[in-house]
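Visitor: please find the sequence and the predicted model below.
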Amino acid sequence: MTVDGTSTLGEDAISLGCHREKMHAECHKKHLNLSILQDIMARTRVERTVYLENHSTMETLDEYPALRFPVILLAETNHQLDVDVDRSIMSGMGIVARKIIEECQRQAWGPGSL
């Protein structure tokens with residue numbers, strides 16, 4: 001938010017409130033529309049960043065329920081932490097897989113089998 005209470009994306013307190021209400025409504029639908037949620041998350045990003053700094057996890061999830069959906073949470077994590085979580089997980093999987101194979105081989109062969 002800027003000093004006058006508006007976000008840098010041209011959103012004011014009223015429009016931000018409308019976006020949050022729409023998010024709550026969309027999250028309660030049986031078949032929610034992720035595109036709508038992604039749009040709302042983009043529109044409330046500046047406000048949400050400030051909110052995250054000053055509120056608990058539970059308060060944040062109550063205010064922004066779209067964060068309960070993995071695809072939305074992943075995008076938020078990528079944005080807030082400026083990290084590609086998918087890439088980090090995938091690169092780590094190669095290391096983990098190699099260690100699992102090594103451990104399985106070690107256990108299968110045992111210390112006295114060589």
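Guide: Perfect, I can see it now. Treat the numbers as computed from the prediction; the structure is a model and nothing was measured. Residues are numbered from 1 along each chain as shown.
Visitor: pull the residues that contact stretch 79-87.
Guide: R45, T49, L52, L74, T77, N78 (Cβ atoms under 8 Å, 6 or more residues apart in numbering). Glycine gets a C-beta too; all of them are placed from N, C-alpha and C.
Visitor: measure that stretch end to end?
Guide: Its start and end residues considered, stretch 79-87 measures 14 Å (Cα to Cα, to the nearest Å).
Visitor: quick one: mean pLDDT over it.
Guide: On average, the pLDDT along stretch 79-87 is 80.
Visitor: any weak-confidence spans in this structure?
Guide: Counting by pLDDT under 70, the chain contains low-confidence residues at 1-9, 110-114.
Visitor: where along it do the helices fall?
Guide: Secondary structure of the chain (DSSP state H): helices at 13-27, 34-43, 45-54, 57-63, 70-81, 85-109.
Visitor: and the shortest one, what does it pack onto?
Guide: Using 3 or more Cβ pairs under 8 Å, 6 or more residues apart in numbering; DSSP states H and E as the contact criterion, the neighbours of helix 57-63 among helices and strands are helix 45-54.
Visitor: got the buried residues for the helix it packs on?
Guide: R45, V46, E47, R48, L52 (16 or more other Cβ atoms under 10 Å).
Visitor: and the angle for it with helix 34-43?
Guide: Orientation check (axes from the mean of the first three to the mean of the last three Cα atoms, to 10 degrees): helix 45-54 against helix 34-43 gives 70 degrees.
Visitor: biggest separation within the contacts of stretch 79-87, which pair?
Guide: Greatest spatial distance among these (Cβ to Cβ): T49 and L74, at 16.6 Å.
Visitor: how many residues are close by the closest residue to L73 other than its chain neighbours?
Guide: Sequence neighbours aside, L67 is the residue nearest to L73 in space, at 5.3 Å (criterion: Cβ to Cβ, 6 or more residues apart in numbering). For L67, the neighbour count with other Cβ atoms under 10 Å is 22.
Visitor: quick check: the gap between L67 and T77.
Guide: Between L67 and T77 the distance, using Cβ to Cβ, to the nearest Å, works out to 10 Å.
Visitor: could you do R48 as well?
Guide: 13 Å.
Visitor: returning to what we had before: wait, isn't the residue nearest to L73 in contact with E76?
Guide: Yes: contact status for L67 versus E76: in contact at 6.0 Å, counting by Cβ atoms under 8 Å.
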